Structure formats: structure tokens, C-alpha cells
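Asker: Got a predicted structure here, sequence first:
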Amino acid sequence: MRVEKHIAAGWAEQLRAECAEHAIAKFKGMRDCMLSGDSGLRNIWEEICAQVQGEESCDWDTYVELIEDFIQGKVEQLPRSAQLALWVQTDEGSDWLEDHFSDDDGDDDAPLDVESITQLVKGSVLSAAADYESPTLYRFLWDADDPQYDEEDEQDEDEEEEDEEHGEVVEASLRDTTDPLSDCPPRVVVGVVASNVEQADVPNSYEARLARAKVRQAELSVPHLPVVSPLQFPGRFKLWQEHDLAKYRLDIYKDLSAADQQTAWEFIERNYLLKYPRLYRIEFEWGASGIWGIPFPGSVSLQGCYDPDDFKLPPDLSARLRAWHDNIDCNYDPSVKEDSFDWDASGREGLAVAKLIKAYIGPDVYLEYNSFRELKIVGDTVVELDVPDITNVLPLSEIVTISMDSP
């Protein structure tokens, strides 16, 4: 890459992040026109995150329009040079640059497209939504408190967002609120928090669109969040279908017909998700610590890496977990076809460590080492249960288990 293209790309990345952060800050300040009702979510940004990480609602298109409008308003405020820097990061702009890199006429004839820039930045917003974490979002998605947060952390986070929101409103109040391009526009933010602004009367205002979405919910008798479903965890059910059934099938799912999927999932809900508020797996992953949150037993998806300190594990147990993990990290080389790493010994040690962790954290938390093989406290020992025979949908008490040597 030529040095000028490298510089332009770095500038464009900064501009892209600023535009995305601008939209996110606006959404965090919008609380009075939320569609989720008494969901516990704090603002429209968390409503967006809930749908990106969970299940899209019937009004998802309304949120997408708002995201695009906020971004486009910000992009249109940028000088042409900044718009061009962003545009050449798109496929269309990159192709044009390759064809006209040696032109002497400058960029006057560049077919700059704000819409393509908007889509580029929207990708950053949705990516941030996929990675966003908060106690209220975790509680909404998983029906449990996030062990990484305590009440003090949650209060600090609320205060930080209130400070950000206050700064946005003050900044907005200093601009010309009659300008349709004024920061996407600022009267939306002011309209949320100031009663003397009647923005909802404008037919195409953001508040008006959200109000129409609420009317549509009532007409359809469909609440926005959560989506009505006979299942207790429809978002996890969708993830289970799209990942564990469609792409990475465990052996127990191979003979599962489409008609039986919901019955099998109800078995998982009844015997695991409604029983355990938190589910974890001990698993190696490069650069991690070995403890992962999972949405359901045997899940291909891992959702959050946890440190031993999050569970207040004893120092000797934390050290043993790290030693097991570091052994793989330092001694296994995936680039060597005939690698001599002893996976059998590592597996035995990993299972032994997992059993010790289960004994420490107790019976109220689900833990597995091998996929869908629950570690269970029986008397004064920890055993690894067999994978349940989901095709027969047996009650948990009837599932045949195998007892492993306790550590």
C-alpha cells in the first residue's frame, strides 16, 4: 500500500469510528421513546443491542432506519475530503480509486455516494452492538444477573451515561435546531429530554416514527420485546437452530427431525435453562483464561470469557487452571501437521480441573468440560454425566450417567 493510501485509510478509520460513536451516543440518550416497554433496558441503544445479540423484533426495520438517518446526517456534515476518505473504503470507492489513481484532475469528478458511506459506518454500529455489554442487557438476554458486574459497577455505568447524555444535550442546544443537517439533527436529542420541543408533531421525526411503530404493535397485538413465543428462551432457540443444528451438529442432533426440534428444545429449557441461571464451560482458546459463558449446554457459541477471579476461585485452583491452559497455549503448534502434543493427558487434566471448579462453585451453576456432559455434585464427589438422549426426551432423572474418577 502506498504511503498516502495508508494515511488516508488510517484517517478514514478514525472518521468511521467517530461517526459510529456519534450515533451510539445519540441512541444512549433516547429513553422516552423506547418500544420495549417494561423490559429493564435503559435506552434505545440497548434495544438495538438486544436485537443484534438476540432476536430481531417486528420493528427492526424502524431501528435500522434510525441508525442510517443518524449516520447520514453526520456524514453530510463532514467536509468533502473526509467524505472521500470514507468513500474510498467502500467497494465502489475503492474500485474508482484504483481506476483513477493517476488522474491529474483531482477528485471533482469522483461519484461520491453518501449512502454507501452510511452502510459502511452502519456496519461499525452493528458490530459495536454485537459486542456491547451491560448488566441490564445481560439480564434481559439471559434472565440472570451478570457475575462480572455488581451493583456499584452498574451505578457507575449509569452515571457515566447520564454525563454523556448531558454533554450531548448541551452541545445540541448551542446549534441551530432549524437546520435539517445539524448533527443528525440535534432537536431529536433535545426533544427527548426537553418538554418545550414539540418534535413529535413533525410527520417524519424520529419520535413520530417510533410512535407509529407503537401503534403498529397495538394493531398487531405483538409486543416489541420480547417476541411472543411459546418458548421461554426464543432467542437461544434461534441460535441453537442456526448454529448447533445447521452447521455443527452434535451426534445427538443428527437424527432430530425438523418437527421434533421444538420438543427437544423444550427439554433443554426445562432441564437446564430454567434450572440454572448461569451456564459455563471449561475450554481452551488462544489468549483466554479457560472459563466461558455459554447460552445452553453443548453450545457451539461461546459468550464471554471469564477470569478465575470472577468466581473468586482459591489461588491454588486458579493456578492449576492457568497451568492447564498455558500448557496448550505454549506447547501446541497448530501449524505442525504431526504435532506431538499429548491431548489425552491435557484432556484428563482439564476435566480434573473442571471438577474441582464445579465442587467449589456449587450445585446452582451449570458447568461442563465436554460438550453437553454436565458436571454434577453427587454426595461428596463430582461426576460427569453422559450426553442426554434428547431424541427420546427423557426426564433428567432417567438419563443414564457415567461416573468419572473425582479429582
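Answerer: In hand now; what should we look at?

Asker: Could you list which residues are in contact with residue 341?
Answerer: 328, 331-333 (CB atoms under 8 Å, 6 or more residues apart in numbering). C-betas here are computed from N, CA, C, even on glycine.

Asker: Correction: the previous question concerned residue 361.
Answerer: Counting by CB under 8 Å, 6+ apart, residue 361 touches 311, 367.

Asker: How much space separates it from residue 301?
Answerer: Distance of residue 361 to residue 301, given as CB to CB, to the nearest Å: 21 Å.

Asker: Could you do residue 135 as well?
Answerer: 21 Å.

Asker: could you pull out the strands for the stretch 251-400 of the chain?
Answerer: 279-282, 291-293, 305-306, 366-368, 375-378, 381-384 (DSSP state E, counting those that start in this stretch).

Asker: Please enumerate the helices of the chain.
Answerer: Here the chain has its helices, by DSSP state H, at 3-28, 44-53, 60-77, 80-87, 91-100, 114-131, 135-142, 151-173, 186-193, 206-220, 234-239, 261-268, 315-331, 343-361.

Asker: Those helices: lowest mean pLDDT?
Answerer: The weakest mean pLDDT among the helices of the chain belongs to helix 186-193, with a mean of 29.

Asker: Looking at the helices of the chain, which is nearest to residue 250?
Answerer: helix 261-268 (11.4 Å; CB to CB).

Asker: So what touches that closest one?
Answerer: So helix 261-268 is contacted by 231, 237, 240-241, 245, 253, 256, 296-297, 388, 390-391, 393 (CB under 8 Å, 6+ apart).

Asker: who wins for neighbours among those?
Answerer: With neighbours defined as other CB atoms under 10 Å, the most crowded of the contacts of helix 261-268 is residue 388; it has 26 neighbours.

Asker: separation between that one and residue 351?
Answerer: 18 Å.

Asker: quick one: which of residue 135 and residue 301 has more around it?
Answerer: Taking other CB under 10 Å, residue 135 and residue 301 do not tie; residue 135 has more neighbours (20 against 16).

Asker: Does the more buried one touch residue 145 like I think?
Answerer: Yes - in this structure residue 135 lies within contact range of residue 145 using CB atoms under 8 Å: 6.8 Å.

Asker: Tell me, how many residues neighbour the closest residue to residue 112 other than its chain neighbours?
Answerer: Leaving aside its sequence neighbours, residue 112 sits nearest to residue 87 (CB to CB, 6 or more residues apart in numbering; 5.2 Å). By the measure other CB under 10 Å, the count of residues near residue 87 is 25.

Asker: what's the distance between the nearest residue in space to residue 244 that is not next to it in sequence and residue 250?
Answerer: In this structure, residue 244 finds its nearest non-sequential neighbour in residue 300, 5.4 Å apart by CB to CB, 6+ apart. With the distance defined as CB to CB, residue 300 ends up 9 Å from residue 250.

Asker: Overlap of the contact sets of these two?
Answerer: Joint contacts of residue 300 and residue 250 (CB under 8 Å, 6+ apart) are residue 244.

Asker: I'd like the domain boundaries of this protein, if you could list them.
Answerer: 3-220, 234-398 (automatic domain parsing).

Asker: rewinding a little: which of the contacts of helix 261-268 lies closest to residue 284?
Answerer: Of all those, residue 297 has the smallest distance to residue 284: 18.5 Å, by CB to CB.
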